[in-house]
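Student: coords please:
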Amino acid sequence: MENSTRSPQTLLPGLLTILRQAAWLRGALIALGVVLYLAFYPGLGALPLLLAIAVERAAFIALVSWNALREKLGARFLPLALGWLFLTPILEIASAFLARDDTLRALGMQADVLGLSSPLIWLVVPTVLAAWQYGRRGLFSALAILVVEHLALGIALWSGWQFGVSYSLSALGRIAMLAVLGYVVMLLVEAQQREHRALEDANRQLAHRAATAAQLAESRERNRMARELHDILAHSLSALGLQLQVIAKLIDHDLAEAKTELREAQTVARTSANEVRRAIKQLRATPLADLGLAEALRELCYAQAERTGAQFDCQIADIAALDALTEQTVYRIAHEALANVERHAGATRVEMRLEIRDSRLLRLTISDNGVGFDRRAVPQGHFGLIGMAERARDVGGNLRVESETGKGTEIVLEIGL
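Tutor: Have a look, this model is predicted:
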């Protein structure tokens, strides 16, 4: 299993909080010990030792709570704090034992050095935090320190072979318990770090895919814009070219008719220019951001009704906001469909309907009573229908076009929500 690649100066989340809580708890317990000693054991006795321990714990609280000092120590802060926690319980046990004071025994300062006495409980904290921050290296270092200091304490308190055997068994059991606890913590932290790295990798991949999708969408949008402009100009320029050919033939034989054709050609040119300007304006405009989807569709209907004089039945439901791509798709398809109606259908009545069905399906329907067309005979290069179908597919939708010569056209867009 891999260890964390963090700088030693970077503490893992939550570690400093646990360290500070442990420091304050140690301080509160020794303060309670001093109060109990003064209440039940008058006289000096062990009071100097208790006060010395209280000073030590106050100093440790200052170390872990003083942010300026922690920042100044940098990478040395945590090893210093953990070493402090490893050393002081052993020193407290040794001091209390060597003092041979009954009151210390009564307060639990010495308790049973062969068991898990009160000071030795605190060895759990540095062992766990070392495994937490440094992984395997921290756990092995902590166990090495525990072995050395238990060995040193055993030598200092040696009173015979019977003591040595009992103490050794007790120390081995304690170190084994701390090793298991530290190992469990290490496994949990390593699992968390693996999940964190996996999440970071997934985020990077997602960001890369999003960038690729954005580039692809931009490329498709450029293609669609080119197709829409081509579709707008193709018919008009073709008609203009034919009229110019007619003018070229008539100008030497029938000047009056040539002038008539010229005026019609000028009208076609002006109409084409207006359509191009209107298309470019629509491509640059942001009606969705300004009005929202429902109101933007209504504005499309009103503008075309005023421009063409056709009768519009606009039934647009006030739906909740959708994601930007879906709204853009619905609006662009509606715009292209109405543009086709204006350019080709010759319709006097147009109906647009937007609705949500069963809370799961968005449906846009645009129908007209125009001349219609035979889908099998759509001229090559007519890109409007292709662009609409592509837009629908990009959002997982489906575009259906029903038309018959002389019977109008119906376009239905359905998108699952």
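Student: quick one: average pLDDT of the helix ranked longest in the chain?
Tutor: Ranked by residue count, the top helix of the chain under DSSP state H comes out as helix 161-250. On average, the pLDDT along helix 161-250 is 79.
Student: Report the mean confidence score over whichever helix or strand comes after that helix.
Tutor: Beyond helix 161-250 on the C-terminal side, the first helix or strand identified by DSSP states H and E is helix 255-284. For helix 255-284, mean pLDDT rounds to 74.
Student: Only C-alpha atoms, please: export stretch 261-280 in PDB.
Tutor: Provided in PDB are the C-alpha atoms of stretch 261-280 (Å, rounded to 0.1, in the frame of the first residue of the first chain):
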ATOM      1  CA  GLU A 261     -36.100  41.600 -64.200                       C
ATOM      2  CA  LEU A 262     -33.300  43.900 -62.800                       C
ATOM      3  CA  ARG A 263     -35.700  45.400 -60.300                       C
ATOM      4  CA  GLU A 264     -36.900  41.900 -59.300                       C
ATOM      5  CA  ALA A 265     -33.200  40.800 -58.900                       C
ATOM      6  CA  GLN A 266     -32.600  43.900 -56.700                       C
ATOM      7  CA  THR A 267     -35.600  42.900 -54.500                       C
ATOM      8  CA  VAL A 268     -34.200  39.300 -54.200                       C
ATOM      9  CA  ALA A 269     -30.800  40.700 -53.300                       C
ATOM     10  CA  ARG A 270     -32.300  43.000 -50.600                       C
ATOM     11  CA  THR A 271     -34.500  40.200 -49.200                       C
ATOM     12  CA  SER A 272     -31.500  37.900 -49.100                       C
ATOM     13  CA  ALA A 273     -29.400  40.500 -47.300                       C
ATOM     14  CA  ASN A 274     -32.100  41.000 -44.700                       C
ATOM     15  CA  GLU A 275     -32.400  37.300 -44.100                       C
ATOM     16  CA  VAL A 276     -28.700  37.000 -43.600                       C
ATOM     17  CA  ARG A 277     -28.600  39.900 -41.200                       C
ATOM     18  CA  ARG A 278     -31.600  38.500 -39.300                       C
ATOM     19  CA  ALA A 279     -29.900  35.100 -39.100                       C
ATOM     20  CA  ILE A 280     -26.700  36.500 -37.800                       C
END
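Student: Would you check that Val350 makes contact with Phe312?
Tutor: Yes: judged on C-beta atoms under 8 Å, Val350 makes contact with Phe312 at a distance of 5.2 Å. Every C-beta, even on glycine, is put in place using the N, C-alpha and C of the backbone.
Student: the more surrounded of those two?
Tutor: Val350 (26 against 19; other C-beta atoms under 10 Å).
Student: which strands and helices sit next to the longest helix of the chain?
Tutor: helix 124-156, helix 255-284, helix 324-340, helix 384-394 (3 or more C-beta pairs under 8 Å, 6 or more residues apart in numbering; DSSP states H and E).
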